[in-house]
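Peer 1: Structure, please.
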Amino acid sequence: YHGEKVAFGTLAQLVLQNSPMDEIETVLGFCQRVGLPVTLAQMGVKEGIDEKIAAVAKATCAEGETIHNMPFAVTPE
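Peer 2: Below is the predicted model:
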């Protein structure tokens, strides 16, 4: 579902931005309280994890994607 992906992506972005741990924990706690996924397993990703992460990272960093609006460079690595 779209909202589940948004919640998981929000957590990933907070980590990517090196947000304060208390902010990450606040969002994480909210997600857990309302039943949103906070792990790849909860998102249904249980096999081929490294390959799937690499594919998502590559697609996320493709030319024209909004990840390039971040105030710092983001690469698939």
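Peer 1: When you work out contacts or count neighbours from here on, use the C-alpha atoms and nothing else.
Peer 2: OK.
Peer 1: pLDDT wise, what is residue 73 at?
Peer 2: pLDDT for residue 73: 94.
Peer 1: I meant residue 76, not that one.
Peer 2: At residue 76, the pLDDT value in this model is 93.
Peer 1: Could you list the domains of the protein?
Peer 2: Domain assignment for the chain, taken from automatic domain parsing, gives 1-46, 47-77.
Peer 1: now these as CSV including mean neighbour count?
Peer 2: Output for the domains of the chain, formatted as CSV (neighbours: other CA atoms under 10 Å):
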stretch, mean neighbour count
domain 1-46, 13
domain 47-77, 12
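Peer 1: quick one, phi/psi of residue 49?
Peer 2: Dihedral pair for residue 49: phi -60, psi -50, per degrees, to the nearest 10.
Peer 1: Please, where are all the helices along this protein?
Peer 2: Residue ranges of the helices in the chain, as given by DSSP state H, are 2-16, 21-34, 49-60.
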